[in-house]
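[1] Pasting the sequence and the predicted model now:
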Amino acid sequence: GENVEQHPSTLSVQEGDSAVIKCTYSDSASNYFPWYKQELGKRPQLIIDIRSNVGEKKDQRIAVTLNKTAKHFSLHITETQPEDSAVYFCAAEVSGAGSYQLTFGKGTKLSVIP
Amino acid sequence: EAQVTQNPRYLITVTGKKLTVTCSQNMNHEYMSWYRQDPGLGLRQIYYSMNVEVTDKGDVPEGYKVSRKEKRNFPLILESPSPNQTSLYFCASSFFGGMTDTQYFGPGTRLTVL
């Protein structure tokens, strides 16, 4: 099955700096790559996603890039703020033939230091 | 209000005592899924369902059962719980797989098996 590796496991940045989280996946059939943010004690929430026919997507301070050849994708957060502190999960989905299986990375705990 | 609900939110039980965690969504979603979240392991998919009476195994299905008799409900059943099933469980739903729509997560159920 699919295997998703996520790095780093923890990341500390100064407020205003950028943060980058990287993920690699193993199954070349994966075609959908969402990113979830989970604040302490809360449920995961989708923050951005990218589909396999797109190389980059931006939403305000958040961007995701995808390199299908290398099988890796990254989350970029610019101008970080204390409220960005959370655990971030990447995921890869293999879909087709009536099946959709989503595999998550192990998560990155981001701390933004005021 | 569109939402995914889970019950109970917290449960402490003993080894071998059958239990059911309910999940319900009011968004008319086709796709529903169960995940478990453990420290350092991220979110792992247990089972998912594409539609009524259609279920498939995820990455960690051992020791769990599910059923999808109605579109809105997707209960998770532990026939004989064991301590290694102590975890935080999330139910999620979307119209189809992630390629088509965002997955919405329930609030989580924290299960302790003694």
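    Happy to help now that I have it.
[2] which residues sit in contact with residue B:12?
    B:111, B:112, B:114 (Cβ atoms under 8 Å, 6 or more residues apart in numbering or on different chains). Using the backbone N, CA and C atoms, a C-beta is placed for each residue, glycine as well.
[3] Try it again at 7 Å.
    By Cβ atoms under 7 Å, 6 or more residues apart in numbering or on different chains, residue B:12 lies in contact with B:112, B:114.
[4] looking at this, it is in a helix?
    No - looking at residue B:12 with DSSP: H, G, I helix; E, B strand; the rest coil, it is strand, so not inside a helix.
[5] ok, it to chain A distance?
    Separation of residue B:12 from chain A (Cβ to the nearest Cβ, to the nearest Å) stands at 18 Å.
[6] Which residues does that residue form beta bridges with?
    residue B:112 (DSSP bridges).
[7] Show me where chain B has its helices.
    With DSSP state H, there are no helices along chain B.
[8] what does chain A have sitting close to chain B?
    A:1, A:31-32, A:34, A:43-44, A:46, A:51, A:89, A:93, A:95, A:98-107 (Cβ under 7 Å from any Cβ of the partner chain).
[9] same thing but 6 Å
    A:32, A:34, A:43-44, A:46, A:89, A:93, A:95, A:98, A:100, A:102, A:104-107 (Cβ under 6 Å from any Cβ of the partner chain).
[10] And those residues, which is closest to chain B?
    residue A:100 (2.6 Å; Cβ to the nearest Cβ).
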